[in-house]
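Engineer: A predicted structure for the sequence below; I have some questions about it.
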Amino acid sequence: MDLDESKFGTLDVALTEYAEELRGSGDQTATVTLGYTHSLHKSWRTVLRMLPVAPGASVLDAGSGFGIVAFELAANLPVQVDGIDVEASFVGHARELSQRLSDRGLFSQGSAVRFSEGDVRALGCPDEAYDLVLMREVLQFVPGPVQAVQEIYRALKPGGYFCVSDTDDQLRLTWPSGTAVLDGLVAAVASVQRQRGGDRQTGRKLTTYLRAAGFELAGVVVLPEAQHRVVDADDPERSLIIEQIRAARSRVVGSGAMGPERFDADLKALEEAAPHEEFRMNAKIVALGRRPSSPTGRP
Ligand SMILES: C[S@@+](CC[C@H](N)C(=O)[O-])C[C@H]1O[C@@H](n2cnc3c(N)ncnc32)[C@H](O)[C@@H]1O
């Protein structure tokens, strides 16, 4: 699909303003989720340009969070987008943002965007309802990822596409490598996700999940990221990492992954760490599956 770059500003400004409001409200989880997904989205526009989506398509944004993917699609094509998310509060934020963006004239004429609460493993929609399903950085949180991918298959029309993208921790390399303090905090946060049935190495497994559910593999893109930065108090990425760790405090301490004194002391040490330079490489995996046009494709 073509993206109208003149609309990027409207979306980016509205998301940045909303993140500031959330920060002011003290909702740390919402603030970091919006901060993270917005920064991810800027590199993900490359993927949107490659998507097979036509005017009039019905689209599902599965695990829609703040609705960023849904907004960008509806801004560029007259499409019907349903966003579903398991977190009721995120559904509320997505609806509020949708209203603000509509007031600012972001959406194409003929587009409709709706958000509701739901679980990607049991969508509650009729069979063969959608032309395209998108699922970005969701599967890593879902216990039973194969069940979720099978449910997407059911919800897609024959010939429809499923674009799924996720992270893989082991694709990340930094120099200098992380300090013991940072590595310990990141490992504690990751262990909580694992205890809840999540998997931070989902990226490499996406193609296997697609094939197991009966999809034809239409393409795989590795979205690379390579950068040099100065990690100091002005570095927005450093601030986001610290905010993400702080927001996970009650989950980390509650799960026993780290005691409260150690967590607080390590977070303080991270905040006070001396500025340093960093080289980093990372990648996100994006897989595109197609539901075969004839039912014989299903295993
Ligand atoms: C990192 S956010 C990504 C949000 C959005 N896909 C994006 O890229 O902007 C992960 C989202 O997955 C949602 N999620 C996790 N498990 C889910 C499930 N079983 N069903 C629906 N949504 C889920 C979370 O509530 C959260 O909004």
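Structural biologist: Cool, the structure landed.

Engineer: Put the alpha carbons of stretch 162-177 into PDB.
Structural biologist: The C-alpha trace of stretch 162-177 is given here as PDB (Å, rounded to 0.1, in the frame of the first residue of the first chain):
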ATOM      1  CA  PHE A 162      -1.700 -12.700   8.000                       C
ATOM      2  CA  CYS A 163       1.200 -10.400   8.700                       C
ATOM      3  CA  VAL A 164       2.800 -11.300  12.100                       C
ATOM      4  CA  SER A 165       5.800  -9.600  13.600                       C
ATOM      5  CA  ASP A 166       7.800 -10.200  16.800                       C
ATOM      6  CA  THR A 167      11.000  -9.900  18.700                       C
ATOM      7  CA  ASP A 168      13.800 -12.300  19.400                       C
ATOM      8  CA  ASP A 169      16.100 -11.400  22.300                       C
ATOM      9  CA  GLN A 170      19.000 -13.400  20.900                       C
ATOM     10  CA  LEU A 171      19.200 -11.200  17.800                       C
ATOM     11  CA  ARG A 172      20.300  -8.300  19.900                       C
ATOM     12  CA  LEU A 173      24.000  -7.400  20.200                       C
ATOM     13  CA  THR A 174      25.500  -4.400  22.000                       C
ATOM     14  CA  TRP A 175      29.000  -3.200  22.500                       C
ATOM     15  CA  PRO A 176      30.000  -2.700  25.200                       C
ATOM     16  CA  SER A 177      27.800  -5.600  26.300                       C
END
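
Engineer: ranges for the helices of this structure?
Structural biologist: 8-25, 28-50, 68-76, 88-103, 145-155, 180-195, 206-213, 236-247, 249-255, 260-271 (DSSP state H).

Engineer: tell me the angle the third one makes with helix 88-103.
Structural biologist: Counting by axes from the mean of the first three to the mean of the last three C-alpha atoms, to 10 degrees, helix 68-76 points 20 degrees away from the direction of helix 88-103.

Engineer: packing partners for helix 68-76?
Structural biologist: helix 8-25, helix 28-50, strand 58-62, strand 80-85, helix 88-103, strand 112-117, strand 130-136 (3 or more C-beta pairs under 8 Å, 6 or more residues apart in numbering; DSSP states H and E). Yep, even glycine has a C-beta here, placed from its N, CA and C like the rest.

Engineer: With respect to burial, which of these scores highest?
Structural biologist: strand 58-62 (a mean of 26; mean count of other C-beta atoms under 10 Å).

Engineer: would TSV of the helices of the chain with distance to residue 224 and mean pLDDT be doable?
Structural biologist: Supplementary listing: those in TSV, determined by distance: least, C-beta to C-beta, whole Å; pLDDT from 0 to 100:
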stretch	distance to residue 224	mean pLDDT
helix 8-25	21	95
helix 28-50	9	93
helix 68-76	20	97
helix 88-103	28	98
helix 145-155	24	97
helix 180-195	21	92
helix 206-213	16	97
helix 236-247	16	92
helix 249-255	30	95
helix 260-271	27	95
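
Engineer: Done for today, thanks.
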